[in-house]
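Visitor: Everything below, folded, please.
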Amino acid sequence: MYTDEVITNISQINLDWLNSALATDSIQNFAIEALNSDNSQITKIQLQYQSETTGTLPASLLLKICADNNGIFGESEVNYYIRDYIELANRPIPTCYHARYAENPRRYHLLLEDLSTSHRHNRRIQPTLAYGCAVAKALATLHAHWWGVEKLRAIGSNITSQTEIERYVAHVQPGLLPMLEEIKTEIDDSWKSLLMDVFENHPHKMIERTKNPSGFTLIHGDLNPGNILSPRNGNGKTYLIDRQPFDWSLTTWLGVSDLAYVMVHWWETDLRRQWEIPILREYHANLISNGVFGYDWEQLVNDYKLAAVQSLYVATQWCVLEEDRQRMKWLWFSQLQKSITAFLDLECSELWTQKVD
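Guide: Numbering: from 1, shown residues only. Coordinates of the predicted model:
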């Protein structure tokens, strides 16, 4: 559906294109500013309108271009902004004014609402209970929209298959032995056996869990602090941005896995311990208020434990490539420490000896 007119360079931006994208003829000038971004080109576009212009046209926009990254991302992000939640009222997603995607080679652009004056990302911001509950509420809104088999089939999706889980683990597992070698003098001996045990047993439990369809939905998959926008004044909507899964990522999975991703390996352990249950309660309550039924609290907690183990995969994945293993050790080693602590706190090894519901 989105295969023409992909913007691949800011030189293609002009007044005709901007006016067409915003369905107006009132833009008379614009200025652009390149912003820093890891996996895309982000450009801020400041708009100047004719003096007689009225209405609520935006003062500025963000143009996101993914065209020079070897095609590692598919159409998921375009769908996130203009298809998957377009019918969801009060969705916690910025407005997208224009988007195009092309498959061969993979490339796309998004012309997005600029929230920089009202919102900030959460890098280097210490989380609070209120922040965690706001994220839980936003996630419950998104997850409830595609909760269950029937809804997923409406967008050509389904519950995660055994093949998809095996592909996901197969991508991550090659990082395990190099990671253990890298940190062999920095860890307790018990870590090695714990991690080997996880990779031996946890994938089977993930596959077993798919036999019960309750709890599955379309997930975000990468809610790091930079992908969560919080209101600067403490009031207002929390936004979730940048859904860019890799080909090996799980895209339909247990909804609560997004909250596990938020808390287990990004938050300091004492904050996770203090707030994870209240935040999970907030998530569960908001699922119910958004129309989800038949998913009880005990099931959610068990699913959270199963998903929390995946934070060990996040750290391991950084070690698949030697360059990433060295360059990003400052991140993945910290994530590994927090994830192992959570594994022990939540007694996740009990998953191996019980039937996963």
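Visitor: going forward, measure contacts between C-alpha atoms and count neighbours the same way
Guide: Will do.
Visitor: Pull out the buried positions in stretch 263-275.
Guide: 263, 264, 265, 266, 267, 269, 272, 275 (16 or more other CA atoms under 10 Å).
Visitor: OK, contacts around the closest residue to the second one other than its chain neighbours?
Guide: Which is residue 264. Closest residue to residue 264 in three dimensions, ignoring its sequence neighbours and counting by CA to CA, 6 or more residues apart in numbering: residue 339, at 6.0 Å. Going by CA atoms under 8 Å, 6 or more residues apart in numbering, residue 339 touches 264, 265, 308, 309, 311, 312.
Visitor: now with 6 Å?
Guide: Contacts for residue 339 (CA atoms under 6 Å, 6 or more residues apart in numbering) come out as 264, 265, 311, 312.
Visitor: From residue 131, how far off is residue 280?
Guide: Going from residue 280 to residue 131 by CA to CA, to the nearest Å gives 13 Å.
Visitor: Could you do residue 65 as well?
Guide: Residue 65 is 29 Å from residue 131, where distance means CA to CA.
Visitor: With neighbour numbers in mind, choose between those two.
Guide: residue 65 (23 against 18; other CA atoms under 10 Å).
Visitor: Excluding sequence neighbours, find me the nearest residue to that one.
Guide: With CA to CA, 6+ apart, the residue lying closest to residue 65 is residue 109, at 4.5 Å.
Visitor: Wait, a helix at the residue nearest to residue 264?
Guide: Yes - judged by DSSP: H, G, I helix; E, B strand; the rest coil, residue 339 forms part of a helix.
Visitor: Give me the local confidence score for it.
Guide: With respect to pLDDT, residue 339 scores 98.
Visitor: where does this protein dip in pLDDT?
Guide: Where the chain drops to pLDDT under 70, the residues are 1-4, 69-70, 355-357.
Visitor: Spatially central residue for it, please.
Guide: By CA atoms, centre = their mean, the mean C-alpha position of the chain lies nearest to residue 222, the distance being 2.7 Å.
Visitor: quick one: it and residue 261, what's the gap?
Guide: 7 Å.
Visitor: and residue 103, backbone torsions?
Guide: When read as degrees, to the nearest 10, the backbone of residue 103 gives phi -90, psi -40.
Visitor: and the residue of the chain most remote from its centre, which of the three is it?
Guide: Distance from the C-alpha centroid of the chain peaks at residue 52, with 41.2 Å (CA atoms, centre = their mean). Assigned by three-state DSSP, the conformation of residue 52 is coil.
Visitor: Which parts of the stretch 201-350 of the chain are strands?
Guide: Counting by DSSP state E, counting those that start in this stretch, the stretch 201-350 of the chain has strands at residues 216-218, 228-231, 239-240, 252-254.
Visitor: and of the ones you listed, who's closest to residue 168?
Guide: For these, the distance to residue 168 is smallest for strand 252-254, at 11.9 Å, taking CA to CA.
Visitor: Pairing partners for that closest one, with directions?
Guide: Applying DSSP bridges, strand 252-254 is found paired with strand 216-218 (antiparallel).
Visitor: from the chain's centre, how far out does the partner strand sit?
Guide: Distance of strand 216-218 from its chain centroid, counting by CA atoms, centre = their mean, to the nearest Å, is 13 Å.
Visitor: Give me the buried positions along it.
Guide: 216, 217, 218.
Visitor: contacting residues around that strand?
Guide: The contact list for strand 216-218 (CA under 6 Å, 6+ apart) reads 143, 146, 147, 148, 252, 253, 254, 255.
Visitor: Next, format those as CSV and append distance to residue 177.
Guide: What follows is the contacts of strand 216-218, written out as CSV (distance: CA to CA, whole Å):
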residue, distance to residue 177
143, 35
146, 37
147, 37
148, 37
252, 28
253, 27
254, 28
255, 30
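Visitor: Tell me the one of these nearest residue 126?
Guide: Taking CA to CA as the measure, residue 126 lies nearest residue 255 of the contacts of strand 216-218, at 24.0 Å.
Visitor: Kindly reformat the strands of the stretch 201-350 of the chain as a markdown table containing distance to residue 334.
Guide: Below are the strands of the stretch 201-350 of the chain laid out as a markdown table (distance: least, CA to CA, whole Å):
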| stretch | distance to residue 334 |
| --- | --- |
| strand 216-218 | 28 |
| strand 228-231 | 20 |
| strand 239-240 | 24 |
| strand 252-254 | 25 |
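Visitor: closest to residue 6 out of the ones you listed?
Guide: Comparison of those against residue 6 by CA to CA identifies strand 239-240 as nearest, at 23.8 Å.
Visitor: The closest one pairs with which strands, parallel or anti?
Guide: Under the criterion DSSP bridges, strand 239-240 sits next to strand 228-231 (antiparallel) in its sheet.
Visitor: show me where the stretch 51-200 of the chain has strands.
Guide: Using DSSP E, counting those that start in this stretch, the strands found in the stretch 51-200 of the chain span residues 60-66, 96-102, 107-113, 119-120.
Visitor: Which among these is found nearest to residue 188?
Guide: Among those, strand 119-120 comes nearest to residue 188, with 38.2 Å by CA to CA.
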